[in-house]
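Asker: This is a predicted model, with the sequence first.
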Amino acid sequence: NNYTALGVAWNHNYDHDDRIGDASGGFRWDEDGSIHANGATAWTTNLTYAWQHTCSIAFDADTRKIWVGHTGNWAEDSSGNAGNPAAGTYPIAILDESPNGEYVFTITVHGGNFNNSRLRLGDYIMAYEGPDNFVPPQSYWLPEPTVVDPKKYFFCKKYSGSNGSQNITGFDFKPGLIAIKQINDNSTHWQVHDILRGPTKGVHFNDNAAEWTDANAVTAFNSNGITVGGSAASHNASGKDYMLYGWYFGDTAKTNNTDGTMTPTGQWSNPATGTSMVTFSNVPAAGNTIGHGLGAKPDFALLKKRSNTGNFDAWHWCQSDQAAGHITLPAASAEVTGNGNIWNNTAPSNTVWTFGSDLVTTNDWIMYFFRNINGLQKFGKYRGNAHANGPYVNLGFEPAVLWIKSRGDAEAWYCIDNVRATYNQRNTYFKVNTGDQSKSDDDFVDFLSNGFKVRDSTDHVNGDGDTYLYCAWAASAFKYNNATV
């Protein structure tokens, strides 16, 4: 009753109550030659395999055609035709299309163990040459990411306070936006500064205070980091440790964008890395727009009133209501939907952002925009399963920082990074919406070479059937995360 089976399956929460191939989204080839695909009736091909056979699978992800073979021969299809993957003819099966377009190779053992099974994915010299136009599933063969080295555009590090002016270095770029959070103590605000408003001006993620100015907090944005001064507990107190997160927004300020009905009072953007920020004043009426400068539709945005108290309003492309929804900071509330007065019932376009009547004021504002960039940052969602073996999310890179927020429940915004938590399972986090100290009391996630896997089974990040929004910034692109770049 010990069976080895080779196969292909959806990378999409495949239902493990069924053996692979016994339901839609799976294919397997058992050692007795039986073929199981998409839950259809099994049949037997001409090739069986046994101990010391070298087996092969060829999978065309575009057509979802599958061929199997061993010792250099390809199996016959159900009509007795010899498979020919190089020509694209006579596949053994055609897999149902994956909902997310992602697939994995599988090896399973029924009633036995894996001790005598080896899966080669091109890491060794192959025993048999693959068919023409097929390549091993190695990172070498992946498409070139848009950003090869994400550390040139996003970086985070830990530093210690000094009670005096000090340069915090290590960046490969001049940061345009930074967030600082003290690690040790509760009730210390998130400090958010940007190059557009100037280094001495700040706002907080975790309260609704108006913009403030402190000449002894952050004093400069430098080519390789920032300068902090003073001895405030929020930035630079001796004996305290801090996390610094920094984003690149370009090297120089931009000419103010005129795509919208309103002209920004300032703009700093870099479309190539999916980042832009604008300041503006006085939204005169509902329906007015401002050019965001990304050159494509944003995937994540943060809006903050500067000259008066007001929450951060967050917008995420995976929220359930793009035209009339938002999530607020510092609240730990669920997404607000059906509020046509915030964005005037208008989702953002490739060029402009629209404001509703709730934002018609004479205040000054700052707004940050981001969009997905392959190899650098990704904004998306996943569905929880309330299990420690939680969902896997493919980012295309190893994350350096991950934010997670429940879309439908009153849960905190969680921030996990690879500096405070250096190995899996990553259980050290901040709450972006509070001033709480760094905590380590849940096994939240694993950081993987190409994404992350949820390990917590609670509603914080993995409630059963709940939708979670994430924002992720890269440590290294998958194609190069085991190589020097």
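Answerer: Perfect, I can see it now. Numbers count the residues shown, from 1 in each chain.
Asker: can you list the weak-confidence ranges in this structure?
Answerer: Segments of the chain classed as low confidence (criterion: pLDDT under 70) are 1-3, 12-18, 110-128, 482-485.
Asker: mind listing the helices for it?
Answerer: 340-343 (DSSP state H).
Asker: Which stretches in the stretch 1-150 of the chain count as strands?
Answerer: For the stretch 1-150 of the chain, the strands defined by DSSP state E, counting those that start in this stretch cover 3-10, 26-30, 34-37, 43-44, 55-60, 65-70, 73-74, 93-94, 103-110.
Asker: So which of the ones you listed is the most surrounded?
Answerer: Of all the strands of the stretch 1-150 of the chain, strand 26-30 has the most neighbours on average by mean count of other C-beta atoms under 10 Å, namely a mean of 25. In short, each C-beta sits where N, CA and C put it, glycine included.
Asker: contacts for that one?
Answerer: 3-10, 14, 18-21, 35-39, 45, 55, 57, 66, 68, 75, 92-93, 95, 106, 108 (C-beta atoms under 8 Å, 6 or more residues apart in numbering).
Asker: Now with 7 Å, please.
Answerer: Residues lying outside strand 26-30 but in contact with it, judged by C-beta atoms under 7 Å, 6 or more residues apart in numbering, are 3, 5-9, 14, 19-21, 35-37, 66, 68, 93, 95, 108.
Asker: cool, stretch 83-95 as well?
Answerer: The set of residues that contact stretch 83-95 without belonging to it, under C-beta under 7 Å, 6+ apart, is 8, 27, 35, 37-38, 45, 58, 60, 64-68, 74-77, 81-82, 131-134.
Asker: Let me see the contact set for residue 452.
Answerer: Residues 393, 395, 399, 402, 445-446 are the ones in contact with residue 452 under the rule C-beta under 7 Å, 6+ apart.
Asker: so which of these is the most crowded?
Answerer: The member of these surrounded by the most neighbours (other C-beta atoms under 10 Å) is residue 445, with 29 neighbours in all.
Asker: So what sits opposite the nearest residue to that one once chain neighbours are set aside in the bridge?
Answerer: Closest residue to residue 445 apart from its sequence neighbours, by C-beta to C-beta, 6 or more residues apart in numbering: residue 452 at 4.8 Å. When bridges are taken as DSSP bridges, the partners of residue 452 come out as residue 393, residue 447.
Asker: Based on its surroundings, how many neighbours for residue 308?
Answerer: 13.
Asker: same thing with residue 208?
Answerer: Residue 208 has 17 neighbours, counted by other C-beta under 10 Å.
Asker: go on, residue 330?
Answerer: Per other C-beta under 10 Å, the neighbour tally for residue 330 reads 21.
Asker: just residue 144 next, same as before
Answerer: 11.
Asker: Look up how far residue 374 lies from the closest residue to it other than its chain neighbours.
Answerer: If the residues on either side of it in the chain are set aside, residue 144 comes closest to residue 479, at 7.0 Å by C-beta to C-beta, 6+ apart. Using C-beta to C-beta, to the nearest Å, one obtains 10 Å as the distance from residue 479 to residue 374.
Asker: tell me the phi and psi of the closest residue to residue 317 other than its chain neighbours?
Answerer: Spatial nearest neighbour of residue 317, chain neighbours left out: residue 299 (4.5 Å); criterion: C-beta to C-beta, 6+ apart. Residue 299 has phi and psi values of phi -110, psi -20 when expressed as degrees, to the nearest 10.
Asker: what's the nearest residue to residue 409 once chain neighbours are set aside sitting at in phi/psi?
Answerer: Counting by C-beta to C-beta, 6+ apart, the nearest residue to residue 409 once its immediate chain neighbours are dropped is residue 334, at 5.5 Å. Residue 334 adopts backbone torsions of phi -70, psi 170, taken as degrees, to the nearest 10.
Asker: ok, now how distant is residue 334 from residue 20?
Answerer: For residue 334, the distance to residue 20 (C-beta to C-beta) stands at 36 Å.
Asker: Looking at those two now, which is surrounded by more residues?
Answerer: Neighbours around residue 334 and residue 20, counted as other C-beta under 10 Å, are more numerous at residue 20. The numbers are 24 against 15.
Asker: give me phi/psi at that one?
Answerer: Dihedral angles for residue 20 - degrees, to the nearest 10 - are phi -60, psi 130.
Asker: Test my guess that it contacts residue 9.
Answerer: Yes. A contact is recorded between residue 20 and residue 9 when judged using C-beta atoms under 7 Å, the distance being 5.1 Å.
Asker: Which of residue 479 and residue 374 has more residues huddled nearby?
Answerer: Neighbours around residue 479 and residue 374, counted as other C-beta under 10 Å, are more numerous at residue 479. The numbers are 22 against 19.
Asker: Isn't the more buried one up against residue 145?
Answerer: Yes. Using C-beta under 7 Å, residue 479 is in contact with residue 145, at 5.8 Å.
Asker: for the closest residue to residue 154 other than its chain neighbours, which residues make a bridge with it?
Answerer: For residue 154, ignoring the flanking residues on the chain, the nearest one in space by C-beta to C-beta, 6+ apart is residue 473 at 4.5 Å. Partner residues in beta bridges with residue 473, using DSSP bridges, are residue 377, residue 401.
Asker: Tell me who's in contact with residue 473.
Answerer: Residues in contact with residue 473 (C-beta under 7 Å, 6+ apart) are 154, 377, 399-401.
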